[in-house]
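**Student:** Could you work out the structure for the sequence below:
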Amino acid sequence: MASPKEQVLNLVQTLPDDATFDDILEEIYFKLEVDAGLRELDEGKGIPHEEVEARLEKWLRR
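**Tutor:** Just a heads-up that it's a prediction; the model follows:
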């Protein structure tokens, strides 16, 4: 697995040349959050799809 520095360098290289610092930080933050979510799923901390649907249904009715 690539080091965090290598991962960030690879991520930055995929962005357009006119990307701003904010764009770069948003991409890094997004990657951190996705990686954290995937780790939680690997640890069995996820919730079943049906429960997500039920929670969203309650939330959307408000």
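
**Student:** So which elements touch the longest helix along the chain?
**Tutor:** Using DSSP state H, we find that the single longest helix of the chain is helix 21-42. Helix 21-42 sits against helix 4-14, with contacts defined as 3 or more Cβ pairs under 8 Å, 6 or more residues apart in numbering; DSSP states H and E. (C-beta placed from N, C-alpha, C; glycine too.)

**Student:** can you list contacts of the helix it packs on?
**Tutor:** Contact partners of helix 4-14, identified using Cβ atoms under 8 Å, 6 or more residues apart in numbering, comprise 2, 19, 24, 27-28, 31.

**Student:** pLDDT averaged over it - what is it?
**Tutor:** The pLDDT scores in helix 4-14 average 96.

**Student:** hang on, the earlier thing: including neighbour count and distance to residue 58, could the contacts of helix 4-14 go into TSV?
**Tutor:** As requested, these are arranged in TSV below (neighbours: other Cβ atoms under 10 Å; distance: Cβ to Cβ, whole Å):
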residue	neighbour count	distance to residue 58
2	9	41
19	13	39
24	14	37
27	16	32
28	15	33
31	13	30
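
**Student:** hang on, the earlier thing: check which element follows the longest helix of the chain along the chain.
**Tutor:** Later in the chain than helix 21-42, the nearest helix or strand by DSSP states H and E is helix 49-61.

**Student:** Point to the residue nearest the middle of the protein.
**Tutor:** residue 34 (2.3 Å; Cα atoms, centre = their mean).

**Student:** Checking residue 2 next. Helix, strand or coil?
**Tutor:** coil (DSSP: H, G, I helix; E, B strand; the rest coil).

**Student:** For this protein, which residues score under the pLDDT cut-off?
**Tutor:** Applying pLDDT under 70 to the predicted model, the chain contains no residue that meets it.

**Student:** which one is residue 40 nearest to, not counting chain neighbours?
**Tutor:** Spatially, and ignoring its direct neighbours in sequence, residue 40 is nearest to residue 46 (6.4 Å; Cβ to Cβ, 6 or more residues apart in numbering).

**Student:** Tell me, how many residues neighbour the one you found?
**Tutor:** Counted with other Cβ atoms under 10 Å, residues neighbouring residue 46 total 13.
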